[in-house]
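Q: sequence and predicted model, in that order:
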Amino acid sequence: MHHRIDTILERLRQDVARRLDPEAIRSACHDAGHHWRNRVLNPVAIVHWFVLQVLRGNAAVEHVSLLGDRRFTGSAYCQARARLPLAVLQTLLCNLIAALFADTQVEGRWRGHRTLLIDGSGFSMPDTPELQKKFGQPGNQQPGCGFPAAKILALFHAGTGALLHVAALPLRTHDMSGVRGIPAHLKPHDVLVGDRGFCSFAHLAMLLQGGFHAVFRAHQRRIVDFTPQRPHRRGGADGMSTHPPRSRWVRNLGALDQVVEWFQPQQAPKWMSAAEFASLPDVIMIRELRYEVGGRGFRTTTVTLVTTLLDATLYPAESLAELYGARWRVEVNLRHLKTTMKMDVLKCKTVDGVLKELTVYAIVYNLVCVVMMEGARRRGVRIERISFVDALRWLLEASPGDEPARLVVNRVRVGRVEPRVRKRRPKQYPLQRKPRSELRNRLIRNQVAA
């Protein structure tokens, strides 16, 4: 083990560091059926250098070889990394998440429930035929003038910020296409919190079947009417504002708070098979509530929630509104991944390489969360107040004997209002609207003509 990696693992909790020690990596390789020769870039070295590369902002491969005192070239490192099976890295991530299970059971519980946040985002990658075919590129870009882009679906633990699941999806797919793997990371009575993109009959029924709960924002096409004893309909499409809602009123729980029955739609969603859809119940009981957002800086003034938590005594509307307001933390977590850790643009040129890169990002992100948890415990503050970038730097650069208690604690900024604008102007070059080869030939022709 190189002294740089050894030092980093020493800064972590013993139970976490053990998940990335040489024995754990070799065990993951054996489980994946991977065989290797005893060389400089063996599986232990590859995983450790990969982790260090991402810790340093996804540094160039030549920089990784420099950190390794030039014992290997960047090309050799890339070839060795390509030989390492994706299953090895996925096993290490699962083992790391298992080490954090005790923390996720205790930290940040909401009214006795473990709470998880789900959201989608995206990232870009090099322009190669393999990645273009797998993920696609934005439709407003001409062939050869853009980069492949993918969606990611991420599941975070609300109390610790730990990343429990991440999946890469083709660009032109709905976020719901990735929810099939989510129940494997949930425990009975967990509460899943998400935006309107996850609010559908099939998703809610699937969660109820597993013994889970949900708090989602109502989809914009669903009609929510709080009139008692109102008429309803079973068929037809959502979003038909002149028609009654596709839900039957059951009882009122308060002003703009009611329990209704949702009916199974006629067709299965694209992300669910016909057999799975047929196994869902015909009717589910759902709670709908609406509240006003009075704070500064919010684009939305009225929010309609949909939840499987029907007891208004145990789960008051005000508490549910507060819980959904905390969903904003998932945006901060994604910003840490994409901006602070520079995951917005990945560097591998194959699908397998991109998935490996994404998995190592999840590993490193969780390592930083471990440092933040320890710093929050020692400072007596909530984990979201600990500076993520400071924890990242501490993990890389802390001197022997330094404690996480010295991590920066951010101020509480209630009602902060910031415009979504850029002050620094980019270079005023025109956008590429034709393939680079065509533009290059045009320059050559113009030079010859001159």
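A: Alright, I've got the coordinates.
Q: quick one, helices of the stretch 101-250 of the chain?
A: Using DSSP state H, counting those that start in this stretch, the helices of the stretch 101-250 of the chain run over 101-106, 129-135, 201-209.
Q: what do you get for the stretch 351-450 of the chain?
A: 351-379, 388-397, 436-449.
Q: tilt between the first one and helix 388-397?
A: Computed with axes from the mean of the first three to the mean of the last three Cα atoms, to 10 degrees, the direction of helix 351-379 lies at 100 degrees from that of helix 388-397.
Q: what residues of helix 351-379 count as buried?
A: Residues 351, 353-376, 379 are the ones in helix 351-379 that count as buried (16 or more other Cβ atoms under 10 Å). In short, each C-beta sits where N, CA and C put it, glycine included.
Q: elements contacting that helix?
A: In terms of contacts (3 or more Cβ pairs under 8 Å, 6 or more residues apart in numbering; DSSP states H and E), helix 351-379 is packed against helix 43-55, helix 74-83, helix 86-99, helix 129-135, strand 163-170, helix 388-397.
Q: let's have those in JSON lines, adding distance to Asp15.
A: Below are those laid out as JSON lines (distance: least, Cβ to Cβ, whole Å):
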{"stretch": "helix 43-55", "distance to Asp15": "17"}
{"stretch": "helix 74-83", "distance to Asp15": "27"}
{"stretch": "helix 86-99", "distance to Asp15": "5"}
{"stretch": "helix 129-135", "distance to Asp15": "36"}
{"stretch": "strand 163-170", "distance to Asp15": "17"}
{"stretch": "helix 388-397", "distance to Asp15": "16"}
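Q: now tabulate those in a markdown table and tack on mean neighbour count, distance to Thr115 and mean pLDDT.
A: A markdown table is the format used below for the helices and strands packed on helix 351-379 (neighbours: other Cβ atoms under 10 Å; distance: least, Cβ to Cβ, whole Å; pLDDT from 0 to 100):
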| stretch | mean neighbour count | distance to Thr115 | mean pLDDT |
| --- | --- | --- | --- |
| helix 43-55 | 21 | 27 | 93 |
| helix 74-83 | 16 | 36 | 93 |
| helix 86-99 | 19 | 16 | 96 |
| helix 129-135 | 17 | 31 | 94 |
| strand 163-170 | 20 | 12 | 94 |
| helix 388-397 | 19 | 20 | 92 |
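Q: who wins for proximity to Glu288 among those?
A: The closest of those to Glu288 is strand 163-170. By Cβ to Cβ, the value is 27.9 Å.
Q: for that closest one, name the packing helices and strands.
A: helix 129-135, strand 149-157, helix 351-379.
Q: the same query, at a cut-off of 6 Å, please.
A: strand 149-157, helix 351-379 (3 or more Cβ pairs under 6 Å, 6 or more residues apart in numbering; DSSP states H and E).
Q: nearest to Asp6, of the helices and strands packed on helix 351-379?
A: From the helices and strands packed on helix 351-379, taking Cβ to Cβ, the stretch that ends up closest is helix 43-55, at 8.8 Å.
Q: centre of the chain to that closest one, how far?
A: 22 Å (Cα atoms, centre = their mean, to the nearest Å).
Q: after it comes which helix or strand?
A: helix 61-67 (DSSP states H and E).
Q: the closest residue to Gly210 other than its chain neighbours: neighbour count?
A: Leaving out its chain neighbours, the residue that sits closest to Gly210 by Cβ to Cβ, 6 or more residues apart in numbering is Pro183, at 5.0 Å. Residues near Pro183, counting by other Cβ atoms under 10 Å, number 16.
Q: and Pro183, how far is that from Phe212?
A: Going from Pro183 to Phe212 by Cβ to Cβ, to the nearest Å gives 7 Å.
Q: and for Arg109?
A: On the measure of Cβ to Cβ, Arg109 and Phe212 end up 15 Å apart.
Q: who has more neighbours, the two?
A: Using other Cβ under 10 Å, the more surrounded residue of Arg109 and Phe212 is Phe212, with 21 against 14.
Q: could you measure from the more buried one over to Glu107?
A: 19 Å.
Q: could I get the helices and strands packed on strand 163-170 as JSON lines with distance to Val224?
A: Below are the helices and strands packed on strand 163-170 laid out as JSON lines (distance: least, Cβ to Cβ, whole Å):
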{"stretch": "strand 149-157", "distance to Val224": "26"}
{"stretch": "helix 351-379", "distance to Val224": "36"}
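Q: TSV for those, including mean pLDDT?
A: What follows is the helices and strands packed on strand 163-170, written out as TSV (pLDDT from 0 to 100):
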stretch	mean pLDDT
strand 149-157	95
helix 351-379	95
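Q: out of these, which comes closest to Ala28?
A: Short answer: helix 351-379, nearest of these by Cβ to Cβ, at 11.8 Å.
Q: in the sheet, who's paired with the residue most central in space within the chain?
A: Nearest to the mean C-alpha position of the chain, by Cα atoms, centre = their mean, lies Ala154 at 2.2 Å. With DSSP bridges as the criterion, Ala154 is bridged to Asp119, Val166.
Q: just confirm it contacts Val166, I think it does.
A: Yes: counting by Cβ atoms under 6 Å, Val166 is a contact partner of Ala154 at 5.0 Å.
Q: mind showing which ranges of this protein have poor pLDDT?
A: Applying pLDDT under 70 to the chain flags residues 1-3, 68-70, 235-242, 294-300, 415, 448-450.
Q: residue contacts, Leu153?
A: Applying Cβ atoms under 6 Å, 6 or more residues apart in numbering to Leu153 gives the contacts 120, 167, 175, 178.
Q: picking up where we left off before, okay, and the common contacts of Ala154 and Val166?
A: Common contact partners of Ala154 and Val166 (Cβ under 6 Å, 6+ apart): none.
Q: now do the spatially closest residue to Val381 that is not a sequence neighbour against Ser387, distance only.
A: Among residues not flanking Val381 along the chain, Val409 sits closest, at 5.6 Å (Cβ to Cβ, 6+ apart). Val409 is 7 Å from Ser387, where distance means Cβ to Cβ.
Q: right, I'll leave it there.
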